[in-house]
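**Q** okay, predicted coordinates and the sequence, questions at the end:
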Amino acid sequence: MADNLASIPLEETPPQTPQLPPAPTQSTASRRRLVGVIIIAVVVVGLLIFGLVMLLSADAATTSEIRDIFIIFMALESLVLGVAMVILIVQLATLINLIQNDLKPILKSTNETVSTLRGTATFISNNITEPVIKLNEYLAGLKKLLDILRPGRR
């Protein structure tokens, strides 16, 4: 029996790495989100229908109390919106102040810098680049003249 086991070649099996379950795909996540939104929409519509049925079956006193609560809620909401509008107007005024006092001087300085650079580039072109190009033209012409006068040399 020991001889039989010794004659069987042992194969090395590569170690098994743990496999992670595949991540949910984008379509699965978007489907779940869509189902959640649909469920929430159905619940909201159901609550609205239930509320309307209860209001229609209620007596006048209950309806007037609900109306008064709704009016108070709308007044509070108007107050909150008014405060938000004041905050937005203050932010807008701050932004306008920033533009007038900070950005205009920066733009003016930038324009001055650009005009200075334009002048510098013109100066360099007129006083350095053009004379060097002219000198190269004259030297090339002189070299060609010397090549013509001494034809045997190359």
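**A** That came through, no problem.
**Q** what distance do you get for Ser125 to Leu117?
**A** 12 Å (C-beta to C-beta, to the nearest Å). (Glycine included, C-beta is placed from N, CA and C.)
**Q** just Gly46 next, same as before
**A** In terms of C-beta to C-beta, Gly46 sits 70 Å off from Leu117.
**Q** same check, this time on Asp102
**A** 23 Å.
**Q** can you check Glu130 too?
**A** On the measure of C-beta to C-beta, Glu130 and Leu117 end up 19 Å apart.
**Q** so where's this protein uncertain?
**A** For the chain, the stretches with pLDDT under 70 are 1-26, 153-154.
**Q** where do the helices of the chain begin and end?
**A** 2-7, 26-57, 60-98, 104-124, 130-149 (DSSP state H).
**Q** with mean neighbour count added, can I get those in JSON lines?
**A** Output for the helices of the chain, formatted as JSON lines (neighbours: other C-beta atoms under 10 Å):
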{"stretch": "helix 2-7", "mean neighbour count": "7"}
{"stretch": "helix 26-57", "mean neighbour count": "10"}
{"stretch": "helix 60-98", "mean neighbour count": "10"}
{"stretch": "helix 104-124", "mean neighbour count": "10"}
{"stretch": "helix 130-149", "mean neighbour count": "10"}
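**Q** OK, contacts around Thr116?
**A** By C-beta atoms under 8 Å, 6 or more residues apart in numbering, no residues touch Thr116.
**Q** what of Val37?
**A** Counted by C-beta under 8 Å, 6+ apart, Val37 has zero contacts.
**Q** how many residues are close by Ala58?
**A** Look at Ala58: counted by other C-beta atoms under 10 Å, it has 13 neighbours.
**Q** so what's it closest to, chain neighbours aside?
**A** Distances taken as C-beta to C-beta, 6 or more residues apart in numbering place Ile66 nearest to Ala58, at 7.7 Å, with adjacent residues excluded.
**Q** starting at the chain centroid, how far to stretch 97-109?
**A** Offset of stretch 97-109 from its chain centre (C-alpha atoms, centre = their mean, to the nearest Å): 26 Å.
**Q** where's Ile148 relative to Gly141, distance?
**A** 11 Å.
**Q** equivalent analysis for Ile72, please.
**A** On the measure of C-beta to C-beta, Ile72 and Gly141 end up 97 Å apart.
**Q** got it, and Gln100?
**A** If you go by C-beta to C-beta, the gap between Gln100 and Gly141 works out to 60 Å.
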